[in-house]
Structures are given as C-alpha cells and as structure tokens.
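A.B. asks: Have a look at this prediction, sequence included:
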Amino acid sequence: MTTDSLAPSSDRPSRTSPPAHYTWAGRFSEPATELVKRYTGSVGFDHRLWRQDIRASLAHATMLEYQGIIGDSDLEDIRRGLEIVQSEIESGDFSWSLDLEDVHLNIESRLTALVGDAGKRLHTGRSRNDQVATDIRLWVRDTIDEILALLREFQLRLLALAEKEAETPMPGFTHLQVAQPITFGHHLLAYLEMTLRDAERFRDCRQRVNRLPLGAAALAGTTYPIDRKFVARELGFDDVCENSLDAVSDRDFAIEFCAAAAITMMHFSRFSEEIVFWMNPGIGFINLADRFCTGSSIMPQKKNPDVPELARGKTGRVYGDLTALLTLMKSQPLAYNKDNQEDKEPLFDAADTLTDTLRVFIEMIGGISVCPEQMRAALTRGFATATDLADYLTKKGVPFRDAHEIVGRAVKHAETRGLELTRIPLAELQCFSPLIGEDIFSAITIEGALAARRHIGGTAPHQVRAAIERAKTRLEIQRLETGSKT
Ligand code: ARG
C-alpha cells in the first residue's frame, strides 16, 4: 500500500487530489479541513480489512442481484471491478486516499471509477455501519483460525519436547522454593493444558463472532427485499445477528477476542518467566539457543533472554488493548457511534502481538536444551523428597501432622550436617522415629518419589507418558472439530 498519502503531515500533499464531490457532499457546504480529515480518517489502519471488505461486497452484490434489486450486468461489472481492485491492492498499485476516509469508501470509489454506475449501486440496502461490523467479524474469524493453527503447532512441538523429557527429574517449585520432584515433561504438559484451554476459548469466541450483521444497514434495517440468510451462507456465517441495532453497534465479540488473547499472553508470560529463570546461570536448568538471546553492549559475558523477556513485556500491551476496547464500548448509547472506529487499532495490535508471540514460541521450543544434571543437583540440595519421608511414616501409622514435625526435625539435622536426606545413616534417621526401616531409602530417592505419584494427573513417568498419549488424541479431535468448522 502507499502510505505517503496517509502520513499525518500537512507539508506532504495527498497523492490523490480531492474528489470532485465526496460521498456526503450533497448535504455539506464546505469540505472538512485537513486536520479534521486526519482526525476522522481511518484508512491508515483499516485498509487491513480490504480482503474482508471485498469478500462481503461480493456476497452483498450477489444477493442484490438474486433478489432482483440490481441487474445481472451490474453484478458482472461489480465482480469484474472488484477483481481489478483486488489485484491493484495486492500489487501495491492501489492509491489509498485519506480524502475517502476509510477502506470502504476507498474501495467503493475505485470500483465506481472502474465500472461506473454498477459501482454506485453496490451500496444499495447497506450502510458502512453494517459493512464495517461485517468486515471486522470476518477479520476476527480469519484471525481466530490463524491463532488456532499457530497454537496447535506450538502444542505439537511442546508435546514432542515433553515426550523427550517425560522422565527427566527436575524440582517442582512452590513459592519459587524447591518443593517436590517432578519430571520436566510433566512441567511442560502444564503449559499444554493452559494452551488447550486458550484454544477452547478462541473456538468458543468464534461461535459468537460468526454472525452476520449485514442487512442491519445504518441501524433499523432496510426497505429493500434483501435476503440476509443468503448473505450469511455466502460468507460462511452460522447465522445472522437478530437485532439490527445490536448488529451495528456492539463490539463485544472483539472484546471477547482480546480477552482470549490477553489470557493466552498471560500464559506465555508465565512460560517466558520460567525460561528466563531456568536459563539464569545460577539455576542452569536449560540453555536457550543464541538466536533467541542478545548480548550486552558493555558486559562481554552476558547472554540475555530477550525474546522471552519481550513476550513477558508484550503481555502488558495486550492487556492494554483489552482495556481500551472495554472502555471504548462502555456507556455507548445505541446504535452505531463513531467511537467504534477506534476499535481497530487495539484489536489489530492484540492479534499481531499474539500471533508474533506464538510464532516466536513455536521456534523457541526447538532452541531449548535441557541440563538434567543441574535439575537433579537442585533437587538434592532442596530436600525435595521430605514429603515422601513424611508419607512413609504416615503409611506406618504416624498421624500425618506428627510425621510432618518429625521430618522437619530430620531436615534440620541434615542441613546442619550438610547432607542430603538419603545420605544420613539409618541409625541417625531412626533417632527421629523408630518406625524408619531400611526400605526408607527407596522411598526417598528422586525416582522413588516420582514413581509414587502414579495416579492420573501425577508426575510418575508412566503417567506423564499416558498424559502425552491422551494429549495427542485430544489434539487430533480438536483438529477434526476445527477443520469441520472452517
Ligand atoms: N470507518 C468507520 C468505522 O470504522 C465506518 C463506519 C462509519 N459510519 C459512519 N456512519 N460514519 O466505524
């Protein structure tokens, strides 16, 4: 696209001279000033809706012809003209003009220049109010489908890494303090669950997005004998928006989309934070490939995890986009208000930020190399199997609260001696409880602790493998469900 003509600079002349008469010139005695044009114009950002705008116009024109509202030669001209418009936009030859305010008027005006009166007939029975609402819904729907595909790609890669690391012990944390042994695969599967719910949210949101506003016209409907269900079918909408006032005015579907994006980003910010933590040299659980890091201009030793840090930071901007849309919609009276033109930038920003983040994470999974020795060392330093010792005593009849206290004393003793629990001689352990026998040592090894958590959702390696198999099936079901909807 040519951006020159959109630049908000008074010393840069518009590439297109103002049209001899603009859309609403009949009612007006003077044109808008340059400042007002810049202030009210949206083509600088809503040109992104051009594909959806053309698609919706074609469906509308087809219906108009089918219903006998325009002639078949009009429809032919409109089709031919829109094809030319499409190729001009695709090749960058289309001249976007701020004088024509937005994507809709730019396309319509060019169409009319190309095919004459048929172009002027296209807007019969519709308004930019239902037109823009339709375009955005189509755009959000397309974007949801893209996000679902990206999430799926991420999930497949995450699953592959989880499978590789299904048995790799690492410390699980609470309060960022070593808590209990888990496997790295189990840890990664937690993110799989989060992103599966994210995908579910987007799919759910898609159902409410996928309703056709067109036909609502400005706000009250139209006097022409239109067939809204026909247009809905043409555009792949599940149904029409029932109420014309609601159809043109509400942007709750965009808010819902941004909410789903914000929650997804929140999950990726958690993963980012963990990657940053894991690759800290003091922790050293993973190494992140150089291509996802940058160095320092002053400290030669530095390797900074910029990519996950930025993903963490960009989460804030998506929250901002969501807040902007919620605030934009708040207290708006029915029906359409120009406020709604402000919906696009936050919406686009949330979508761009999320899709970029997903693309980066898809690549970054392949840049993670695991350091199992460091994970194991952190486990032993942190007395990660203390709970297992307490469980051992409980199973021998000691009430859990008493067992907890006994083990607390044993850990304190081990700490003073600078030993891990498994290194304390049996005789010493028996000072804390005579119930402790030789079999304690298999119960409080890392492998013993892992294997003991053998129920569904637990970290025992065979359960992690079972969870991976179930996840594969779930992903496949989702793929089939999504595929049948799009
Ligand atoms: N560019 C406008 C928007 O994004 C299109 C609808 C304008 N309608 C109107 N009556 N001014 O909302």
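C.D. replies: That came in fine, so what should we check first? Residues are numbered from 1 along each chain as shown.
A.B. asks: Going by C-alpha atoms from here, please, whenever you check contacts or count neighbours.
C.D. replies: Will do.
A.B. asks: Let me know whether Ser97 touches Asn106 as I believe.
C.D. replies: Yes. Assessed by Cα atoms under 8 Å, Ser97 is found in contact with Asn106 at 6.7 Å.
A.B. asks: what about those two, which has more around it?
C.D. replies: The neighbour count for Ser97 versus Asn106, taken as other Cα atoms under 10 Å, is higher for Ser97 (25 against 20).
A.B. asks: Now do the more buried one against Leu105, distance only.
C.D. replies: For Ser97, the distance to Leu105 equals 9 Å [Cα to Cα, to the nearest Å].
A.B. asks: just Glu481 next, same as before
C.D. replies: Going from Glu481 to Leu105 by Cα to Cα gives 38 Å.
A.B. asks: ok, the two, which is more surrounded?
C.D. replies: Between Glu481 and Leu105, counting by other Cα under 10 Å, Leu105 is the more crowded of the two (19 against 12).
A.B. asks: Spell out which helix or strand contains the more buried one, please.
C.D. replies: Using DSSP states H and E, Leu105 sits in helix 103-115.
A.B. asks: CA atoms of stretch 155-172 as PDB?
C.D. replies: The C-alpha coordinates for stretch 155-172 follow below in PDB (Å, rounded to 0.1, in the frame of the first residue of the first chain):
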ATOM      1  CA  GLN A 155       1.300 -27.600  21.200                       C
ATOM      2  CA  LEU A 156       2.700 -30.300  18.900                       C
ATOM      3  CA  ARG A 157       6.300 -29.000  19.500                       C
ATOM      4  CA  LEU A 158       5.700 -28.700  23.200                       C
ATOM      5  CA  LEU A 159       4.400 -32.200  23.200                       C
ATOM      6  CA  ALA A 160       7.400 -33.500  21.400                       C
ATOM      7  CA  LEU A 161       9.700 -31.900  24.000                       C
ATOM      8  CA  ALA A 162       7.600 -33.200  26.800                       C
ATOM      9  CA  GLU A 163       7.800 -36.700  25.400                       C
ATOM     10  CA  LYS A 164      11.600 -36.500  25.200                       C
ATOM     11  CA  GLU A 165      11.800 -35.200  28.800                       C
ATOM     12  CA  ALA A 166       9.000 -37.400  30.200                       C
ATOM     13  CA  GLU A 167      11.400 -39.000  32.700                       C
ATOM     14  CA  THR A 168      13.800 -36.100  33.400                       C
ATOM     15  CA  PRO A 169      13.600 -35.200  37.100                       C
ATOM     16  CA  MET A 170      13.500 -31.600  38.000                       C
ATOM     17  CA  PRO A 171      12.400 -29.700  41.100                       C
ATOM     18  CA  GLY A 172       8.800 -28.600  41.100                       C
END
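A.B. asks: Buried residues, that stretch. List them.
C.D. replies: Neighbour counts over stretch 155-172 (16 or more other Cα atoms under 10 Å) mark 155-163, 165-172 as buried.
A.B. asks: coming back round to it: by contact count, what packs against the helix holding Leu105?
C.D. replies: Counting contacts by 3 or more Cα pairs under 8 Å, 6 or more residues apart in numbering; DSSP states H and E, helix 103-115 packs against helix 50-66, helix 72-91, helix 117-121, helix 128-164.
A.B. asks: one more time with 6 Å
C.D. replies: helix 72-91, helix 117-121 (3 or more Cα pairs under 6 Å, 6 or more residues apart in numbering; DSSP states H and E).
A.B. asks: buried ones in that helix?
C.D. replies: Neighbour count says helix 103-115 has 103-112, 114-115 buried, by 16+ other Cα under 10 Å.
A.B. asks: okay if I get those as a markdown table plus distance to the ligand and pLDDT?
C.D. replies: Rendered in a markdown table, the data for the buried residues of helix 103-115 read as follows (distance: Cα to the nearest ligand atom, whole Å; pLDDT from 0 to 100):
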| residue | distance to the ligand | pLDDT |
| --- | --- | --- |
| Val103 | 7 | 98 |
| His104 | 7 | 98 |
| Leu105 | 9 | 98 |
| Asn106 | 11 | 98 |
| Ile107 | 12 | 98 |
| Glu108 | 13 | 98 |
| Ser109 | 14 | 98 |
| Arg110 | 17 | 98 |
| Leu111 | 18 | 98 |
| Thr112 | 19 | 98 |
| Leu114 | 22 | 98 |
| Val115 | 23 | 98 |
